[in-house]
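just the structure for this:
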Amino acid sequence: MIRSSVVFCLAVSLLGALATHSAHCEVLARGSVYQDRNGNLLRDAGEKGIRGVCVSNGEAVVQTDARGRFEIPVGDDTIVFVVKPRGWAAPADDRNLPQFFYIHKPSGSPDLRHPGVAPTGALPESIEFPLVRRKETGRFEGLFFGDTQPRNQQEIDYIAHDIVEELVGADVAFGVTLGDLVFDNLGDMDSLCRTLALIGVPWHNVLGNHDMNYDSPDDTYSDETFERVYGPPYYAFEYGEVHFLVLDDVVWNGEKYHGELGARQRAFIANYLALVPKDHLVVLMMHIPIQELKDLEELFDLLEDRPNTFSLSAHWHTQRHFFYGKEKGWDGLEPHHHLVAPTVCGSWWTGAFDERGIPHATMADGGPNGYLVIGFEGTDYDVRFKAAGRPVDYQMNVYAPEAVSASDLAGVEVLVNVFAGSERSKVEMRLGQEGPWTPLERVDAQDPAFLRLKEREPELPDQFGRKLPGAATSNHFWRGALPVNAPIGTHLIHVRTTDMFGRTHEAHRVIRIQ
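Below is the predicted model:
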């Protein structure tokens, strides 16, 4: 990375007055975005600039001119980044992390427990951003991971064997981890990056509350290590006709954190969206679920005139869909869909070990640990949940007694946990091959299998790893009753669910009526 320095206007210590923020020391950075035809990361003779590419300093957004040039204000703590445009790719490093940014911290990060950015020195005369041509299909898919959150190298190895190995060579455009990349030990970030890099696609990362420098006295320097490893904590990139915004919604006050974007980040969102066609799909990716944001109303104000929006988060270690309408403060023509993603680490790598020595890590809603595969085409998207190490069609658990007396059928309940179910899912059941399909009722419930696991923890301490969390009450359960006139015998309960995207899954359970 080219280095330079700007004249200091005031010395700022970690514990000093933070009023001397970068805005008071601004100078103009100049540079260009160019087509790197030979991929050597150097601008060679004949390599032309690219017109109309968005460049940001984290607040303002400018577009390159006909020769690919830009200029933008920077202070003494600024990251200048390119919004990767459709049909182009930023070069990735040996960890498959896209390199689309330039960090300008003349004096580097403050002295923190986990190192931040080394001094970058003088501002270069020209910041050059290479891009290469990349064919992008009309339909494409991405991988979306909720909290990977390893405590140590052993848990990074769990991720390698439970998730990464089954995804090597996956036909996806990119991957995203939705925060809590690690579990407070920021020194694990590099090893985690190198493990995920084996999947073989560019990887984007959201800042989570466990990815921060907790020895920072406030939010100003809470992401210094994250910036050193991953780059800007918020930015945007484009793929196909979809506009993806990676957001930082974790604010640290020196003692605790809360969910908020802040004025500067909202200004970046507004400035970028002003350059995005109104009918394009905008996808927001954050860590803390959207309903916890202190400035949710202000965020909705930036989005409500757009007919096609979708947002994702993680953080809860459960999976849940939300649909925001007028009753929840959203004034758009169509409800806003927010999805709290399942987590790779499940319930923080807790629970009994399987035959591979990996904790089953069942989440508190009874869902297995796993990830999402999301497909995009134009303004349409569809979501598929994939349980780690399980078949693709493992999408639900069906609960019913092993056996029941024919005289007691009237009181028998069948409970179904559809892991990725939502209020827009349809769930039906029938007994046997010829019986009629009957709709099931959506209910709030706790997962029976998870409750049994919790009950057994004290009985079998040697067979369990870390203890599971308490059971969560979830809204993706459905309940129904067996037909009271079912004949004596061994029968198959058939359950099918059709999700909001029209995708149907089936599951079965054997029951004996005696």
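
and the gap between the closest residue to residue 174 other than its chain neighbours and residue 390?
Counting by Cβ to Cβ, 6 or more residues apart in numbering, residue 202 is the residue found nearest to residue 174 once chain neighbours are left out, at 4.7 Å. In short, each C-beta sits where N, CA and C put it, glycine included. Separation of residue 202 from residue 390 (Cβ to Cβ, to the nearest Å): 26 Å.

burial of the residue nearest to residue 467 when sequence neighbours are not counted, as a residue count?
Spatially, and ignoring its direct neighbours in sequence, residue 467 is nearest to residue 457 (5.6 Å; Cβ to Cβ, 6+ apart). Neighbour count for residue 457, taken as other Cβ atoms under 10 Å: 16.

and residue 505, by the same measure?
When neighbours are counted by other Cβ under 10 Å, residue 505 comes out with 22.

mind listing the strands for the stretch 301-450 of the chain?
309-313, 320-324, 336-340, 370-377, 380-387, 396-399, 403-404, 413-418, 426-431, 438-439, 441-445 (DSSP state E, counting those that start in this stretch).

hang on, the residue nearest to residue 174 packs against residue 176?
No - between residue 202 and residue 176 there is no contact under Cβ atoms under 8 Å: 9.7 Å.

hang on, the earlier thing: so which of residue 202 and residue 390 has more stuff around it?
Higher neighbour count among residue 202 and residue 390: residue 202, with 24 against 13, using other Cβ under 10 Å.

per-residue confidence at the residue nearest to residue 467?
Here, the pLDDT recorded for residue 457 equals 84.

residues contacting the residue nearest to the spatial centre of the chain?
In the chain, the residue lying closest to the centroid (Cα atoms, centre = their mean) is residue 178, at 2.5 Å. Residues in contact with residue 178, defined by Cβ atoms under 8 Å, 6 or more residues apart in numbering, are 144-147, 206, 208, 285-287, 312-315, 341.

ok, now which ones touch the closest residue to residue 194 other than its chain neighbours?
The shortest distance from residue 194 to any residue other than its chain neighbours is 5.6 Å, reached at residue 95 (Cβ to Cβ, 6+ apart). Going by Cβ under 8 Å, 6+ apart, residue 95 touches 190, 193-194, 196-197, 203.

and the residues you listed, which are buried?
By neighbour count, with 16 or more other Cβ atoms under 10 Å, the contacts of residue 95 hold 193, 196-197, 203 as buried.

roughly how far out does stretch 132-139 sit from the chain middle?
Taking Cα atoms, centre = their mean, to the nearest Å, one finds the center of stretch 132-139 at 22 Å from the center of the full chain.

gap between the two ends of it?
Stretch 132-139 has its terminal residues 20 Å apart, counting by Cα to Cα, to the nearest Å.

and if you look at stretch 180-187?
One end of stretch 180-187 sits 13 Å from the other (Cα to Cα).

so for that stretch, mean pLDDT?
98.

now stretch 44-51
96.

which of the contacts of residue 178 lies closest to residue 84?
residue 285 (14.5 Å; Cβ to Cβ).

count of residues packed around that closest one?
Residue 285 has 25 neighbouring residues, counting by other Cβ under 10 Å.

against residue 195, how distant is it?
Residue 285 is 21 Å from residue 195, where distance means Cβ to Cβ.

kindly report the same for residue 373.
To residue 195, residue 373 is 19 Å away according to Cβ to Cβ.

and the residue nearest to the centre of the chain, how close does it get to residue 476?
Applying Cβ to Cβ to residue 178 and residue 476 gives a distance of 19 Å.

return the closest of the contacts of residue 95 with respect to residue 502.
Distance to residue 502, by Cβ to Cβ, is smallest for residue 203 among the contacts of residue 95, at 29.6 Å.

isn't that closest one right next to residue 173, touching?
No - Residue 203 lies out of contact with residue 173 (Cβ under 8 Å); the separation is 11.3 Å.

give me the mean pLDDT for stretch 434-450.
Stretch 434-450 comes out at a mean pLDDT of 95.

got the buried residues for that stretch?
Using 16+ other Cβ under 10 Å as the test for burial, stretch 434-450 gives 440, 442, 445-448, 450.

can you redo those residues as CSV with distance to residue 66?
Converted to CSV, the buried residues of stretch 434-450 look like this (distance: Cβ to Cβ, whole Å):
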residue, distance to residue 66
440, 60
442, 56
445, 61
446, 61
447, 59
448, 65
450, 60
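
and which of the residues you listed is nearest residue 65?
Nearest to residue 65 among those, counting by Cβ to Cβ, is residue 442 at 54.5 Å.

kindly provide the distance from that closest one to residue 453.
Per Cβ to Cβ, residue 442 is found 24 Å from residue 453.

export the longest helix seen in the chain as CSV, just CAs?
Counting residues, the longest helix found in the chain (DSSP state H) is helix 263-273. Below are the C-alpha coordinates for helix 263-273, written out as CSV (Å, rounded to 0.1, in the frame of the first residue of the first chain):
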residue,chain,number,x,y,z
ALA,A,263,-25.4,10.0,11.6
ARG,A,264,-22.2,9.6,9.5
GLN,A,265,-23.1,6.1,8.4
ARG,A,266,-26.7,7.1,7.6
ALA,A,267,-25.3,9.9,5.5
PHE,A,268,-23.2,7.4,3.5
ILE,A,269,-26.3,5.3,3.0
ALA,A,270,-28.3,8.3,1.8
ASN,A,271,-25.5,9.5,-0.5
TYR,A,272,-25.0,6.1,-2.0
LEU,A,273,-28.7,5.4,-2.5
